[in-house]
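Visitor: test case, fold it:
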Amino acid sequence: MREIILVKYGEMALKGLNRSTFEDVLLRNIRYRLKKLGKFTYSKAQSTIYIVPEAENDAAAGELLAEAMPRLKKVFGIAALCRALTCEKDFADITEKAIPYLAEALNAAKTFKVEAKRADKSFPMKSPQICAELGGILLEKYPHLKVNVTEPDVTVTVEIRDENAYVHALREKGAGGLPVGTAGNAMLLLSGGIDSPVAAYMMAKRGLRVTACHFASPPYTSERARLKVEQLCEKLTPWCGSMAFYCVPFTEIQEELQRNCPEEYFTILMRRLMMEIACKLAEIEGCGAIITGESLGQVASQTLNALQCTDAVATMPVLRPLIGMDKVEIVEISRKIDTFDISVQPYEDCCTVFTPRHPKLRPRLEDVAEAQAAVDFAPMIEAAVRGAEKKVFAQHISESQSF
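Guide: Okay, the predicted model is just below:
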């Protein structure tokens, strides 16, 4: 009994002449996510990727498939996936193998229906006939079942493809979106809070490969705060794939701000300097955009005026996927991707250091620019870029590298 995984496309299926490019990237990402588990063979046809485990026996193959499924559910570009039984393109063989294969799913159900997809039109039975005859046989073998074609507990699907027929009953939802790497690269400002990891997840879902930078201000921020952010990177890798991470020294810049800049502009100026550093690191990494976790009006530095002041120093587009979301929506996604519990750990980041008592809610760009021009921050920005420490995070891999 040979069981495989069928991976179904979503949005990718609508692509035109460049569709094969998206398919190749998705297949590469799938290989990367599964290579630590064992050997699989891969093929693609008719908006489906076929993943076949190479194992000594059915039990070992089943273990490989069981471990592969949860990993594949986090690969962007996959709309749905399922474990499926491989059969000969013969109705008698389909019936003989399907009855025991479907036992676990059907014994736990009260209602079911059968769907048939006949991609190979040379198969002698048409789809309605396959559904009717297989449904009747299953009703005989599982007499507790009833047919419900609108809201069944289990949908048994028979797919007649070019080389084989496939039977499955437990189709699972995939991550959706586009394969990571098909939309380019972007630099994420990763603070350690709830919002920025969610922003990374959302932009990776649109095909961006994410690199992250975090600003640390020792001794005002602790080593635990940095470790917290690295844990967030590790939590993101099942979704984003391999992630480069820069930890940027920011103490000198923040102390200079405190000494020489108006307190009410402190947060805005800090965000502008972070943006300048992030853009320089982005250029080094070949990124074409900046990602932030800002949500309109959430705090003083995220008013429309403040965002305008921040964007004025950016040398590339700034993407804010959370801009129209409220906190409840953001928290819901953070729980889904398992970053919430880490994000709420009580270790401060540099954004909470030297917080002004009365921040400017509607800063004027010319006033902010004038306040920044009073200090020559250029050497400090260059020093921060040079002093950034780089790590690369991947599933089960963490590699340190100085920059």
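
Visitor: domain parsing for this protein?
Guide: 3-173, 184-402 (automatic domain parsing).

Visitor: for those, which one ends up most surrounded?
Guide: With neighbours defined as mean count of other CB atoms under 10 Å, those peak in mean count at domain 184-402, which reaches a mean of 19. The C-beta positions use only the backbone N, C-alpha and C, and glycine is treated the same way.

Visitor: circling back to that earlier point, in CSV, list the domains of the chain along with mean pLDDT.
Guide: Formatted as CSV, these follow (pLDDT from 0 to 100):
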stretch, mean pLDDT
domain 3-173, 93
domain 184-402, 90
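
Visitor: state which helix of this structure is the longest.
Guide: helix 266-285 (DSSP state H).

Visitor: what's the following helix or strand after that helix?
Guide: Scanning forward in sequence from helix 266-285 by DSSP states H and E, the next helix or strand is strand 290-291.

Visitor: now do the following helix or strand past that next one against helix 266-285: the angle between them, please.
Guide: Once the chain leaves strand 290-291, the next helix or strand it forms, by DSSP H and E, is helix 304-311. Orientation of helix 304-311 against helix 266-285 (axes from the mean of the first three to the mean of the last three CA atoms, to 10 degrees) gives an angle of 40 degrees.

Visitor: grab the most central residue of this structure for me.
Guide: A centroid search over the chain (CA atoms, centre = their mean) returns Trp239, at 3.3 Å, as the residue closest to the centre.

Visitor: before we move on, what SS does that residue have?
Guide: Taken by DSSP: H, G, I helix; E, B strand; the rest coil, the conformation at Trp239 corresponds to helix.

Visitor: for it, what are its contacts?
Guide: Applying CB atoms under 8 Å, 6 or more residues apart in numbering, we find Trp239 in contact with 74, 76, 175, 200-201, 204-205, 337.

Visitor: what about these, which are in strands?
Guide: With DSSP state E as the criterion, strands contain none of those.

Visitor: check which helix or strand the residue in the chain sticking out farthest from the centre maps to.
Guide: Going by CA atoms, centre = their mean, the residue of the chain most distant from its centre is Glu140, 43.8 Å out. Counting by DSSP H and E, the element that carries Glu140 is helix 127-141.

Visitor: who does that helix touch, helix- and strand-wise?
Guide: Contacting helix 127-141 under the criterion 3 or more CB pairs under 8 Å, 6 or more residues apart in numbering; DSSP states H and E are the following elements: helix 91-101, strand 111-118, strand 154-160.

Visitor: again, only this time at 10 Å
Guide: helix 91-101, helix 103-107, strand 111-118, strand 146-147, strand 154-160 (3 or more CB pairs under 10 Å, 6 or more residues apart in numbering; DSSP states H and E).

Visitor: for the residue lying closest to Gln302 once chain neighbours are set aside, grab phi and psi.
Guide: Distances taken as CB to CB, 6 or more residues apart in numbering place Glu294 nearest to Gln302, at 4.7 Å, with adjacent residues excluded. Here is the backbone geometry of Glu294 (degrees, to the nearest 10): phi -70, psi 140.

Visitor: wait, what's in contact with Glu294?
Guide: Counting by CB atoms under 10 Å, 6 or more residues apart in numbering, Glu294 makes contact with 189, 195-196, 199, 271, 301-302, 306-307, 310, 318, 320-323.

Visitor: got it, and Arg272?
Guide: Arg272 touches 265, 306, 309-314, 368-369, 371-372, 377, counting by CB under 10 Å, 6+ apart.

Visitor: how long is stretch 45-60 from one end to the other?
Guide: Terminal residues of stretch 45-60 lie 26 Å apart, using CA to CA, to the nearest Å.

Visitor: show me how far that stretch is from its chain's centre.
Guide: 24 Å (CA atoms, centre = their mean, to the nearest Å).

Visitor: isn't Lys36 right up against Arg71?
Guide: Yes - if you go by CB atoms under 10 Å, Lys36 and Arg71 touch, sitting 9.2 Å apart.

Visitor: from memory Leu273 sits against Glu382, does it?
Guide: No - using CB under 10 Å, Leu273 is not in contact with Glu382, being 11.9 Å away.

Visitor: wasn't Val7 part of a strand?
Guide: Yes - the assignment for Val7 by three-state DSSP puts it in a strand.

Visitor: from Ile49, how far out is it?
Guide: The gap separating Val7 from Ile49 is 4 Å, by CB to CB, to the nearest Å.
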